[in-house]
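Enquirer: What would the 3D arrangement of this be:
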Amino acid sequence: MDGNFDMLVENGWLFKNDENQLLHYFSDIVKKYPNSARAKFELGNVYDYLGQEIKAIPLYEEALRMGLKAEWEAYALLQLGSSLNNVGKLQDALSVLTEAETRFPHLLSISMFLGITLHNANKESEGMKTVLRAIMRQVKTTDLERYSFALDNYINKL
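Expert: Residues are numbered from 1 along each chain as shown. Next up, the predicted model:
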């Protein structure tokens, strides 16, 4: 079904410049596949894209409760956290994004969204630490390796 869903999703986003058509297309997918967590996630994604995070949040939550494959679960957690941040539910956003970063530490995007949310929650130092630690964890260059001891010390002092 994943390959089929990938094609359905690709086809749906051809309507990205027509909000009504886009929403209608993905709403129809949910009607056609009412027991599909992926369908709910994708409709949430559309609402998010349209700036309607309030409508996206329950769809992400439902998709997560229903169960998604790891890749889509990571995206759903990230997008749920981002949407919660955008509607001012910072503590909920921090909870979701912290869980996501713990479970998917290899996805820099999650760490970046967590860092932004920490900043929005007036935890600027923690936000900066989160992003810098993610960079140190994921980016392997000779200059970062050369200065890793010093950078780690500076990051810890933030």
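Enquirer: least trustworthy helix or strand in the protein by mean pLDDT?
Expert: Taking mean pLDDT, DSSP states H and E as the measure, the chain has helix 2-12 as its least confident helix or strand, at a mean of 86.
Enquirer: quick check: angle from whatever helix or strand comes next after that helix to helix 2-12?
Expert: The helix or strand immediately downstream of helix 2-12 is helix 19-32, counting by DSSP states H and E. On the basis of axes from the mean of the first three to the mean of the last three CA atoms, to 10 degrees, helix 19-32 is oriented at 160 degrees to helix 2-12.
Enquirer: Which strands or helices does the biggest helix by length in the chain pack on?
Expert: Ranked by number of residues, the top helix in the chain under DSSP state H is helix 70-86. Contact here means 3 or more CB pairs under 8 Å, 6 or more residues apart in numbering; DSSP states H and E; on that basis helix 70-86 packs against helix 37-49, helix 53-66, helix 90-103, helix 108-120. Glycine gets a C-beta too; all of them are placed from N, C-alpha and C.
Enquirer: For the residue nearest to the spatial centre of the chain, report the pLDDT, please.
Expert: Residue closest to the mean C-alpha point of the chain, counted by CA atoms, centre = their mean, is residue 78 at 1.8 Å. pLDDT for residue 78: 98.
Enquirer: so who does the nearest residue to residue 84 once chain neighbours are set aside touch?
Expert: In space, and not counting its chain neighbours, residue 84 is closest to residue 93: 3.8 Å by CB to CB, 6 or more residues apart in numbering. With contacts defined as CB atoms under 8 Å, 6 or more residues apart in numbering, residue 93 is in contact with 81, 82, 84, 85, 117.
Enquirer: now residue 11
Expert: Shown in contact with residue 11 (CB under 8 Å, 6+ apart): residue 25.
Enquirer: Distance of it relative to residue 43?
Expert: 15 Å (CB to CB, to the nearest Å).
Enquirer: report the angle between the axes of the longest helix of the chain and helix 108-120?
Expert: Relative orientation of helix 70-86 and helix 108-120, computed by the same axes, to 10 degrees: 20 degrees.
Enquirer: Begin at 77, not 1, for the rest of this chat.
Expert: Taking 77 as the first residue, the last one we looked at is helix 146-162.
Enquirer: could you give the angle of helix 146-162 to helix 129-142?
Expert: Going by the same axes, to 10 degrees, helix 146-162 makes 150 degrees with helix 129-142.
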